[in-house]
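1. Give the three-dimensional model of this entry:
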Amino acid sequence: MSSTPCLAGSRDESRARDLTFRCFLVGTAGLAAVFCLLLAIRLIGAADELRAAPHDNLQWSLSQLEVDLVKLQNAALGAQARAGAAAELGEVRNAFDLFFSRVGTVAEGRPFVPLRRTEAGASALAHLTSFLETYMPLVDGPDVGLRNGLAELAAAAGDLRGPTRNLSLAGVSQFAAAADAARGEFQRLIWFALLAAGSLLLLLALLTTTLILQGRRSARQAGEVALSEGRLNAVINASLDAIVAIDNTGQVVEFNSAAQEMFGYRPDEALGRDVAELIVPERMREESRANLERFNRTGEKTILDKGRVESSAVRRDGAEFPTEISVKSVEVNGDITFVAFIRDISAQKAAAQALEKARDEALAGDRAKSRFIAVMSHEMRTPLNGLLGTLDLLGRSKLPSGDLELVRIAISSGEVLLRHVNDVLELSRLEGHDVDVRDEDVDLDAMVQDVMALHRPLGATGVILAAQVEPGFPVVRGDAHKLRQVLMNLVGNAVKFTAKGRVDVALRQRSFETGERFYELTVADTGPGIAEGEKARIFEDFVMLDDSYRRHASGSGLGLAIAKRLVAAMGGEISVDTAPGRGSTFSVQLPLIPGKMPPVAADTATTTVPERALRILLVEDNDTNRIVASRMLEAEGHRVVVAQDGPEGVGKARESAFDLILMDISMPGMDGVEAAATIRATKGPSQRTPIFALTAHALPEELDRFRAAGMQKCLLKPLRMDMLRRELACFASGETAGEIDAPDPIDGDMLVELDHTMGRDAFLALLSRVVTEIDAAVPEIARLLSERDYDAVARLCHKIAGTAAVVGASDLHARAADLQAAAKHCDGERLDRMFRLFDAAARDAAAILREYGQRP
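-> Prediction:
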């Protein structure tokens, strides 16, 4: 087997280094001779320069400056004596131009730079320049003006003789100094020549000595190189990675033992062959040859010196396998050799694929579990809506007392089931989506008192509840709903596991060691406590420490898990201090900031009877829910018109005016969001009627969709009589009396902000571009729909949605997004409906933007 190129060339490189050093010595001697010759030539040239210095010409130019000034003065006097004849005026102009040219030579000529830098030269030149700038308009002007100014010109020229003489004298001084400097420089040059000659002689002696020593060292290095070559050859042949070296034509020049085993070729079969034909897959051969040719031509690298690069290779039997390759280049005697280190990564790839498959399966299982929980929770709340609503209606009827007690028990059992379903639903929401944390004023003191009041009826069972709030506890900024849910879960958990004991709730302000303040909520109970080994599990999902059928407390095992997620979402921490037999203390630390005292809300809890009867359109596809909701509304004195699906609801909203529309979200065909958007986009008596969404599962992004479609409120199923009575009484009492405007198609605040930020002109240009783009999009989308080019429709809608977002056109943004989604699913029937909504939203947005652009 041959040695590698870099090793085979080791001895040649050693010899080449010796030869190079000898050539260096000879070259140095030659350069020394050349340097001495050049230095002699420079000395001769410097002597010639001293003999033929150009200072005479410069001094002559300065003297001519005085002569030209005298000529100009004489020409002016002569023209004045001859009454300013035209010929004489021409002489004056010629003399002035000649003087102007002479002054320009001194003012701008490179040889006069030293003179201009002297104080005397600069001052004199300033007088001359001022004279020219003053009288140039007179000389270049009409003959009449020049004729009248001849006397003044002659006098000014006479006054200029002094500065001109000063300039000449300054030049003589300056040029004399320059000559002295040149002679001094010549003298220094002679000394330098002598020093350089001596240094060169010393260098030649040193190089000669070095040459002798280098010869001896080269002999020793030759033996060392031979030994290193043998060792390195052994290392390469023992390498587990294949090493393949090729020349700049792609021919194999090295093929180690690992390469033989990996590819199945003997060295005599591989050496001298084209590497692309040998180990590169057929589909990659042309690219490989092109890369090598491009490198030889331009030096452009693809995988050379790029570190480890994943690629593919092929064995002798044609089997292709993944590889990791690293390519380096080696230059030997002017020839470039490429050395490739190749590793078979088939096993790693298989392991990675197995790991990725296992991960995907785990994620799919987790998503399936979350979807199952969410769907099942939704499907359970829908029949609960009918069950609890019907029980509410029965409870209001005139039943025997025994039957009413049964109804009360049924309602209580249904509420327990509803709480369990809500816990599962809340967990699903927290797991699958980012938690939206609101920023509002929260009175935690009042919230603690309220939660304690809700649980105090349990005092009849022997549980004592007490609250201790630090005096002067401030109102804070936070999410009131989430804080209340955490407090409810912790207090409810403590009460549930404390039999004839005590539950204490405390609210305090604390400070970290850094001085930063935080707020601490603690819930302590005298219950059975928790074993040390169980503390880490209590915040996990569906964990009940006593999961046997004999347990005294019921529940889903989600209360603490949900509390921990909510606290984490608000940037806080929750912990527990507990031990068996001495109860548990749950501590919540929240980094909240002080807020302002919120206004005292009017107490509407006692509003049980609406001030006026409402005409309500109920759109609900489920027969049971539709009947129950209708009965509830009618029991409160309202007039109800029902629709069984979205299209029927849209049709009835077009025909009649309603005070309120209750819209179910989940309906086949046209869902509630689409139906609401259609009502808003269609001219009709109920176009601006408030719409309340009815749904059993409202995630934050879904609430955004409801608002974008024009809905004002979301009521969660199951509908309860008290909740429905409270919402409708609030609506009918005047807080939201009359028609509530649908969301503005354009966010006026955003337009005002853009106007101030961009400036009026740029803002108007932006509005013009947006309106033009919207106007052009409607017919273009109509054309694309007729051609069934749904991909192009989706792309154009995506563009329009982005444009609408820039100017705050929320309605158009939502309609464009809906149309884009329909186009991606190639849903022809839904596309027609979505396009009509998009068309209306586009026309409204364009009209509003035009009107806004015309405002002063």
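2. contacts and neighbour counts: CA atoms only from here.
-> Fine.
3. which residues does the residue nearest to Ser584 when sequence neighbours are not counted contact?
-> Sequence neighbours aside, Thr578 is the residue nearest to Ser584 in space, at 4.3 Å (criterion: CA to CA, 6 or more residues apart in numbering). Counting by CA atoms under 8 Å, 6 or more residues apart in numbering, Thr578 touches 529-532, 584-585.
4. Give me the buried subset of these.
-> 529-530, 584-585 (16 or more other CA atoms under 10 Å).
5. Out of those residues, which two sit at the greatest distance?
-> Ile530 and Thr585 (10.3 Å; CA to CA).
6. Check Ala643 and give its pLDDT.
-> Listed pLDDT for Ala643 reads 94.
7. Excluding chain neighbours, what is closest to it?
-> Val619 (4.7 Å).
8. Okay, and the beta partners of that neighbour?
-> Residues in a beta bridge with Val619, per DSSP bridges, are Ala643, Met663.
9. Neighbours of it, how many?
-> Number of residues near Val619 (other CA atoms under 10 Å) recorded here: 28.
10. In contact with it, which residues?
-> Counted by CA under 8 Å, 6+ apart, Val619 has contacts 626, 642-646, 649, 661-664.
11. mind redoing it with 7 Å?
-> 642-646, 649, 662-664 (CA atoms under 7 Å, 6 or more residues apart in numbering).
12. Mind putting these into TSV with neighbour count?
-> TSV is the format used below for those (neighbours: other CA atoms under 10 Å):
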residue	neighbour count
Val642	20
Ala643	20
Gln644	16
Asp645	23
Gly646	26
Gly649	25
Leu662	23
Met663	29
Asp664	29
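13. roughly how far is stretch 573-588 from the heart of the chain?
-> Chain-centre distance of stretch 573-588: 43 Å, with CA atoms, centre = their mean, to the nearest Å.
14. Pull out the buried residues from that stretch.
-> 573-574, 576, 578, 583-588.
15. Then stretch 713-726?
-> For stretch 713-726, burial by neighbour count (16+ other CA under 10 Å) applies to 713-721, 724-726.
16. In strands, which of these appear?
-> 713-716 (DSSP state E).
17. of all those residues, which two lie farthest apart?
-> The most widely separated members of these, counting by CA to CA, are Lys713 and Leu716 (9.9 Å).
18. for the contacts of Thr578, which one is nearest Val70?
-> With CA to CA as the yardstick, the closest approach to Val70 among the contacts of Thr578 comes from Thr585, at 112.4 Å.
19. hang on, that closest one packs against Asp577?
-> Yes: Thr585 lies in contact with Asp577 (CA atoms under 7 Å); the separation is 5.2 Å.
20. Using CSV, lay out the contacts of Val619 together with distance to Leu764.
-> Output for these, formatted as CSV (distance: CA to CA, whole Å):
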residue, distance to Leu764
Val642, 47
Ala643, 46
Gln644, 47
Asp645, 44
Gly646, 40
Gly649, 41
Leu662, 41
Met663, 40
Asp664, 42
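21. Name the nearest of these relative to Ala156.
-> Of all the contacts of Val619, Ala156 sits closest to Met663, with 100.7 Å by CA to CA.
22. pLDDT score assigned to that closest one?
-> Here, the pLDDT recorded for Met663 equals 93.
23. and the gap between it and Asn622?
-> Per CA to CA, to the nearest Å, Met663 is found 12 Å from Asn622.
24. Just to check, Leu590 is in contact with Tyr519?
-> Yes: between Leu590 and Tyr519 there is a contact at 5.3 Å, judged by CA under 7 Å.
25. more crowded one of the two?
-> More neighbours surround Leu590 than the other of Leu590 and Tyr519, with 22 against 18 (other CA under 10 Å).
26. what's that one in contact with, if anything?
-> 518-520, 571-573.
27. Can you tell me the closest non-neighbouring residue to it?
-> Gly572 (4.4 Å).
28. what's the answer for Pro668, then?
-> Closest to Pro668 by CA to CA, 6+ apart is Asp645, at 7.6 Å.
29. next one: Ala842
-> Leu812 (5.9 Å).
30. Output the contacting helices and strands for the strand or helix carrying the one you found.
-> Secondary structure assignment for Leu812, by DSSP states H and E: helix 810-824. Helices and strands touching helix 810-824, by 3 or more CA pairs under 7 Å, 6 or more residues apart in numbering; DSSP states H and E, are helix 700-708, helix 790-806, helix 828-853.
31. got the angle between it and helix 790-806?
-> 160 degrees (axes from the mean of the first three to the mean of the last three CA atoms, to 10 degrees).
32. how far is helix 810-824 from where the chain is centred?
-> Its chain's average C-alpha position is 24 Å from that of helix 810-824, according to CA atoms, centre = their mean.
33. ditto for stretch 274-283
-> With CA atoms, centre = their mean, you get 42 Å for stretch 274-283.
34. Quick one: end-to-end distance for it.
-> Counting by CA to CA, the terminal residues of stretch 274-283 are separated by 15 Å.
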